[in-house]
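J.: just coords:
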C-alpha cells in the first residue's frame with residue numbers, strides 16, 4: 001500500500017517537498033505537518049509504523065493478506081482522523097488502538113476455509129534441517145498456545161513482546177488501566193507456561209489426578225486441566241468417571257445401605 005494513496009490533494013510549494021530528514025521528526029511534529037498538508041510527513045509516519053502494525057495485525061489475524069487489507073483501513077482512518085480535528089494525539093498507542101479495533105471487526109466476519117494460520121515462518125540461519133524443522137514446530141506450537149489465550153490477554157502480550165510498548169502505551173491502546181494491563185500480562189504468561197507444562201504430562205499422570213479429584217482427595221492444577229481440554233482420551237476418561245459415579249449412586253442410593 002502506498003502512503004500517498006491515502007492523502008488528500010498534494011500540497012504546494014515547500015509543503016510538497018519530501019525530505020529524508022522527516023524521518024527524524026517526532027510523531028507529534030509529523031502530525032502537525034500532516035495537518036498543514038505535508039504529504040511527505042504522512043509518508044514518514046506511514047513508513048515508521050507500517051512494519052510494526054503489519055506484524056501486530058498478522059499476529060491477531062493469522063493471515064498476511066488479511067493483515068495488509070486491515071492495515072489499509074487503519075492508515076486511511078488515521079489520516080482522516082488527523083485531518084478531522086486538531087486534538088493532541090499520542091500516536092503510537094492511538095494507532096495500535098485503531099489496529100486492534102479493526103482486527104476485532106475483521107475477526108467477527110466469516111473466515112474463509114483453507115487458510116494457513118502461518119503465512120511467514122523464520123528461515124534458518126546456520127541451522128541444520130532437523131533444527132529448522134524443530135524451530136518451525138516450536139513456533140507453530142507457541143502461536144497455537146497464544147491463540148488459546150483470551151483476546152485481551154493475547155493483545156496485551158503481543159503489544160508488550162512483539163511491539164515493545166510500555167504499560168502506559170498498552171493501557172492507552174486497549175483503553176484500560178495500567179494495573180489491568182499488568183494483570184493481563186501476568187495471566188497471559190501463566191497461561192502460556194501452563195500450556196507448555198500440559199504437553200509434558202502423560203495421560204496416565206492426568207488420569208490419576210482425575211481419579212483423585214473424583215474421590216475428593218485431590219484437585220487438578222492448571223496444566224492438568226489444559227491437558228484434559230486438549231486430549232480426547234483424558235476427556236473420555238473424565239466422562240467415564242462421572243458416568244460410573246452416577247451408576248453407582250443409582251445402584252446404591254444414599255440411606256439404603
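T.: Arrived safely, thanks for sending. All values reported here derive from a predicted model rather than from experimental measurement.
J.: residue 171 and residue 81, how far apart?
T.: Residue 171 sits 20 Å away from residue 81, taking C-beta to C-beta, to the nearest Å as the criterion. In short, each C-beta sits where N, CA and C put it, glycine included.
J.: settle it for me: which of these two has more neighbours?
T.: Remark: of residue 171 and residue 81, residue 171 carries more neighbours, 21 against 13, as counted by other C-beta atoms under 10 Å.
J.: mind checking which helix or strand the closest residue in space to residue 42 that isn't next to it in sequence is in?
T.: In space, and not counting its chain neighbours, residue 42 is closest to residue 34: 4.9 Å by C-beta to C-beta, 6 or more residues apart in numbering. Secondary structure from DSSP states H and E places residue 34 in helix 27-35.
J.: which residues touch that helix?
T.: Contact with helix 27-35 is made by 15, 22, 25, 40-42, 44-45, 48, 79, 82-83, 86, 88-89, 91-92, as judged by C-beta atoms under 8 Å, 6 or more residues apart in numbering.
J.: 7 Å instead, please
T.: 41, 42, 44, 45, 82, 83, 86, 89, 91, 92 (C-beta atoms under 7 Å, 6 or more residues apart in numbering).
J.: out of those residues, which end up buried?
T.: 41, 42, 44, 45, 82, 89, 91, 92 (16 or more other C-beta atoms under 10 Å).
J.: which of those residues fall in helices?
T.: Per DSSP state H, helices hold the following members of those: 41, 42, 44, 45, 82, 91, 92.
J.: in JSON lines, list those along with pLDDT.
T.: Output for those, formatted as JSON lines (pLDDT from 0 to 100):
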{"residue": "41", "pLDDT": "87"}
{"residue": "42", "pLDDT": "87"}
{"residue": "44", "pLDDT": "88"}
{"residue": "45", "pLDDT": "90"}
{"residue": "82", "pLDDT": "89"}
{"residue": "91", "pLDDT": "91"}
{"residue": "92", "pLDDT": "91"}
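J.: from residue 230, how far off is residue 108?
T.: Per C-beta to C-beta, residue 108 is found 25 Å from residue 230.
J.: of the two, which one has the most company?
T.: For residue 108 versus residue 230, the count of surrounding residues by other C-beta under 10 Å is larger for residue 230: 14 against 8.
J.: how about that one, nearest residue that isn't a chain neighbour?
T.: Nearest non-adjacent residue to residue 230 (C-beta to C-beta, 6+ apart): residue 198, at 6.9 Å.
J.: which SSE is the nearest residue to residue 157 once chain neighbours are set aside in?
T.: Closest residue to residue 157 apart from its sequence neighbours, by C-beta to C-beta, 6+ apart: residue 188 at 4.3 Å. Residue 188 is part of helix 178-200 when elements are defined by DSSP H and E.
J.: ok, and what's touching that helix?
T.: 145-146, 148-149, 152-154, 156-157, 160, 167-168, 170-171, 174, 222-223, 226-227, 230.
J.: coming back round to it: closest one to residue 60 out of the buried ones among the contacts of helix 27-35, please.
T.: Lowest distance from residue 60 to the buried ones among the contacts of helix 27-35 (C-beta to C-beta) belongs to residue 92, with 17.0 Å.
J.: surely that closest one touches residue 169?
T.: Yes. Contact criterion C-beta atoms under 7 Å: residue 92 and residue 169 qualify, at 5.9 Å.
J.: quick one: find the helix or strand in this structure with the lowest mean pLDDT.
T.: helix 129-148 (a mean of 72; mean pLDDT, DSSP states H and E).
J.: picking up where we left off before, for the residue nearest to residue 42, give its distance to residue 26.
T.: 13 Å.
J.: higher neighbour count, the two?
T.: Applying other C-beta under 10 Å to residue 34 and residue 26 shows that residue 34 carries more neighbours, namely 22 against 9.
J.: could you report the distance from the residue nearest to residue 233 when sequence neighbours are not counted to residue 212?
T.: Leaving aside its sequence neighbours, residue 233 sits nearest to residue 203 (C-beta to C-beta, 6+ apart; 5.6 Å). To residue 212, residue 203 is 15 Å away according to C-beta to C-beta.
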